[in-house]
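>>> have a look; sequence and predicted model below, questions after that.
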2 protein chains.
Amino acid sequence: MNTITSLHNPLIRDMKALNQRKGRLEQGRFLVEGEKMIREALSCGLVIRDALALEEHAYFAERLKARAFIVPEGVLQAVCDTRSPQGICASFDLPVPTPLSAAPDRIVALDGVQDPGNLGTIWRTADAAGFGAILLGGGCADPLSPKVQRAAMGSGFRVPFMIEDDLPDALLRMKAGGWTVMASDLHGMDFYCRPNPGNRYVLVIGNEARGISQSTRLVADMLLKLPMRGGAESLNAAVAAGIMMYGLTKEH
Amino acid sequence: MNTITSLHNPLIRDMKALNQRKGRLEQGRFLVEGEKMIREALSCGLVIRDALALEEHAYFAERLKARAFIVPEGVLQAVCDTRSPQGICASFDLPVPTPLSAAPDRIVALDGVQDPGNLGTIWRTADAAGFGAILLGGGCADPLSPKVQRAAMGSGFRVPFMIEDDLPDALLRMKAGGWTVMASDLHGMDFYCRPNPGNRYVLVIGNEARGISQSTRLVADMLLKLPMRGGAESLNAAVAAGIMMYGLTKEH
């Protein structure tokens, strides 16, 4: 395996650019960090391209079907956007979003969830709760950013994602296809008194500060609110999503 | 109101030091940022000392029973540990932790939860779910750090905290006092098949990577695990805590 030591090397510059949405779209690739996540991505059928590893991770990099190089710690830190990268990173072809026409029965939809940590955490929870896909409306964080994938802990490769910039329109089409649309909303009814949504549904989680949009509110079959017993006015978006997802699926 | 423009001013240096645990303990004070949080802290009976405000927030600072100064944006940024501080910050006397002898019926205990965001988010959720206190064992993030309080969104002033460095010992004493001790553990029984814990209980949440300690495991009356349906191995600590807290209190 060859070694790259210069930050000006074209491959290093290309891989560093994958931290930005622009770079990912231009190159059609995204960055995966750490042995565990790379293994997850491969086992989910994603196509690996280039890998950069510290000397200690060369044994792992060597066995990958990738163009692999040894790099010093400073170069790896510059490529990954973490202070303590996990010894190896690799570029993969961007996965293709699932079309709405192939939507599974249980979906969590995000209406402008901007925080990458929240988006990734909701993805991870959707996997654990048995949801079949996440649907990203306009204004969400980029699902293929390293921060999102780090918080998703591998669930970002396992649980398919759909992208529909006009979320209310997508929800309308889903309603016509038989999905019940529920949305988390601070003016909604008590989550624990909700009518039965059936087995085919979408749960919509809104923006961290503003909640769901007015158009989503109009499209939803039901607006649901978790009871607030103490002085707190609201919950963190990822926590509210988790409580509702598990509340909905626990009887399945 | 007077103006302070120098970063070398002793008050500025003192207030900046409140971002560190050492500074908080030495001065017996902690930092609260933003008008909303300052209002919350005052309404919870905390004692305010000094306030630093941008010109636009002078009207608010003036009415506080504090030594208040106008500062330029650079000084406020240096004092607060955020890139975009909320226009005003104030120091308050450190609140006194609640003794274990005054523990309420429903408690969430943290066994080495290190991430300030997770700790603050769990605090906020405990408030919303109607838990009476949080109990911090050894190895947790400092509850009075600005990061924790920011994530707690005011719940850090409303929900009392208890500190017991020897958490297993504290849990033993609570068991003797009639509390049922439940702990989240990946080797536990299905959370949704748990026996009834009664109305007096502690829910223990473990460290983000290692989970609960072996001693806590031995002390717990029951170990509980949320079902993992997809490929995810675990949940984010704050999400798991939220699902369990709401699962436990929804029937109260």
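Perfect, I can see it now.
>>> okay, now whichever residue of the stretch 1-150 of chain A sits closest to chain B: neighbour count?
Going by C-beta to the nearest C-beta, chain B is nearest to residue A:130 of the stretch 1-150 of chain A, at 3.3 Å. All C-beta atoms are positioned from the backbone trio N, CA, C, and that covers glycine. Applying other C-beta atoms under 10 Å in any protein chain shown, we find 19 residues neighbouring residue A:130.
>>> list the contacts for it?
Counting by C-beta atoms under 8 Å, 6 or more residues apart in numbering or on different chains, residue A:130 makes contact with A:106, A:249, A:252, B:229-230.
>>> now for the residues you listed: which two are most distant?
Using C-beta to C-beta, those reach their maximum pairwise distance at A:252 and B:230, which is 12.4 Å.
>>> quick one: which of the two has more around it?
Higher neighbour count among residue A:252 and residue B:230: residue B:230, with 16 against 11, using other C-beta under 10 Å.
>>> which strand or helix spans the more buried one?
Residue B:230 is part of no helix or strand, with elements assigned from DSSP states H and E.
>>> does it touch residue A:155 like I think?
Yes - between residue B:230 and residue A:155 there is a contact under C-beta atoms under 8 Å: 7.1 Å.
>>> and for these two, which residues touch both?
Common neighbours of residue B:230 and residue A:155, using C-beta under 8 Å, 6+ apart, are A:126-128.
>>> reformat these as CSV; add pLDDT.
Below are these laid out as CSV (pLDDT from 0 to 100):
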residue, pLDDT
A:126, 98
A:127, 97
A:128, 97
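>>> give me the buried positions along the helix or strand hosting residue A:175.
According to DSSP H and E, residue A:175 maps onto helix A:167-176. Counting neighbours by 16 or more other C-beta atoms under 10 Å in any protein chain shown, one finds that the buried residues in helix A:167-176 are A:167-168, A:170-171, A:174.
>>> how far does stretch A:195-203 sit from the chain's center?
22 Å (C-alpha atoms, centre = their mean, to the nearest Å).
>>> what segments of the stretch 1-150 of chain A are helices?
Ranges of helices in the stretch 1-150 of chain A, per DSSP state H, counting those that start in this stretch, are A:10-17, A:21-27, A:35-43, A:58-62, A:73-79, A:116-129, A:146-152.
>>> so which of those is the most surrounded?
Ranked by mean neighbour count, the helices of the stretch 1-150 of chain A are led by helix A:116-129 with a mean of 26 (mean count of other C-beta atoms under 10 Å in any protein chain shown).
>>> just the C-alpha atoms of it, please, in PDB.
Coordinates of each C-alpha in helix A:116-129 appear next as PDB, following Å, rounded to 0.1, in the frame of the first residue of the first chain:
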ATOM      1  CA  PRO A 116     -27.600  16.500  11.900                       C
ATOM      2  CA  GLY A 117     -27.400  14.900  15.300                       C
ATOM      3  CA  ASN A 118     -31.200  14.800  15.600                       C
ATOM      4  CA  LEU A 119     -31.700  13.500  12.100                       C
ATOM      5  CA  GLY A 120     -29.200  10.700  12.600                       C
ATOM      6  CA  THR A 121     -30.600   9.800  16.000                       C
ATOM      7  CA  ILE A 122     -34.100   9.500  14.500                       C
ATOM      8  CA  TRP A 123     -32.800   7.300  11.700                       C
ATOM      9  CA  ARG A 124     -31.100   5.000  14.300                       C
ATOM     10  CA  THR A 125     -34.300   4.900  16.400                       C
ATOM     11  CA  ALA A 126     -36.500   4.200  13.300                       C
ATOM     12  CA  ASP A 127     -34.300   1.100  12.700                       C
ATOM     13  CA  ALA A 128     -34.600  -0.100  16.300                       C
ATOM     14  CA  ALA A 129     -38.400   0.500  16.400                       C
END
